[in-house]
Each structure stands twice: as C-alpha cells, then as structure tokens.
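[1] Fold the following and give me the result.
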Amino acid sequence: MQYLLDTHIALWVFEDKTKLSSKAVEALDDVYSEAFVSVASIWEVAIKVSNCKLDFTGGVRAFIEAVRANDFRLLDVTANHVERVEALPFIHRDPFDRLLIATAQAESMTLITADDNVHNYDVKWIW
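    Numbering: from 1, shown residues only. Down below sits the predicted model:
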C-alpha cells in the first residue's frame, strides 16, 4: 500500500507520535507499505516557518532531513496533480490540502490525515 502523508502527519511523526491514530501508526509500521511526503508539504513548512506560524527546529532543511531519516519518499508535484486541483469541489480552502488530495487521487494513494474535510472528497484516506 502506498500512503501520502498530510503535512501535519509528517510533523507529528517527527515531533510527537502520540498524536497519531492507531490506524495511522499501523499503516506507517507496515513493512509492506511505502510512505510519501509531497514536495508541497516541504513548501508549506517553508512558508509557515518563515511567517512564524510553525516552529520547527532547523526549519525546512531539518524537515527534509527528517523525511529521509524516517525512510519516507519524496514525491514531486506534477502538472497532473495541479490540473486535478481545478476539478476538485471547492469544499476545502487550504491550497496545500487541496493539492495533497489531488495528488493522492492522481497517484492512487491513500492519504493519511486527521483533516475532517477530506471525507467530502473522492479520495482514499485513513485516520
């Protein structure tokens, strides 16, 4: 199974795993699964650190290092992912979340997220 981590999920893995649901922990611990972090999440972290909405020690460089240290794979944003955003119903206003939903759809991945708005979209997700 391939999982795409919402940005907050990656941050929780790096900073406080106790915030994760049992289903999320089970999915991430499955040796047969692959977990991905989108470059969109790296961008989101960079923006939130720079405008002081996120305190992540070491900033975006440390976030990228944590992605690699946890054996998560980086997933580039493609034109196909961005095109799919246009077709999404405008339920969720956060552009990063909309891009992650579209990416999960395009790549047939399951999104791991605690975001309640995700159930309103045609995307596989767990929490």
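[2] Tell me which stretches of this protein form helices.
    Here the chain has its helices, by DSSP state H, at 7-15, 22-29, 39-50, 59-69, 79-87, 95-107.
[3] Could you provide those in TSV, with additional columns for mean pLDDT, mean neighbour count and distance to Trp125?
    The C-beta positions use only the backbone N, C-alpha and C, and glycine is treated the same way. Shown next, in TSV, are these (pLDDT from 0 to 100; neighbours: other CB atoms under 10 Å; distance: least, CB to CB, whole Å):
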stretch	mean pLDDT	mean neighbour count	distance to Trp125
helix 7-15	98	20	11
helix 22-29	98	14	10
helix 39-50	98	19	15
helix 59-69	98	15	20
helix 79-87	97	13	15
helix 95-107	98	22	7
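[4] looking at these, which is closest to Ala114?
    Among the helices of the chain, helix 7-15 comes nearest to Ala114, with 6.7 Å by CB to CB.
[5] Now do the closest one and helix 22-29, the angle between them.
    Following axes from the mean of the first three to the mean of the last three CA atoms, to 10 degrees, one obtains 70 degrees for the angle between helix 7-15 and helix 22-29.
[6] what residues does helix 7-15 touch?
    Outside helix 7-15, the residues within contact range by CB atoms under 8 Å, 6 or more residues apart in numbering are 5, 19-20, 24, 28, 37, 40-41, 44-45, 54, 56, 63, 66-67, 70, 72, 96, 100, 112-115.
[7] end-to-end on stretch 86-105?
    This stretch, stretch 86-105, spans 13 Å end to end (CA to CA, to the nearest Å).
[8] now stretch 101-116
    13 Å.
[9] Tell me if I'm right that Val123 and Thr113 touch.
    No. Assessed by CB atoms under 8 Å, Val123 is found out of contact with Thr113, at 9.5 Å.
[10] Give me the common contacts of these two.
    Here Val123 and Thr113 have no joint contacts, going by CB under 8 Å, 6+ apart.
[11] what about the two, which has more around it?
    Thr113 (24 against 20; other CB atoms under 10 Å).
[12] Give me the neighbour count for the residue found closest to that one once you drop the neighbours it is linked to in the chain.
    The shortest distance from Thr113 to any residue other than its chain neighbours is 3.7 Å, reached at Asp6 (CB to CB, 6 or more residues apart in numbering). Neighbourhood size, Asp6 [other CB under 10 Å]: 26.
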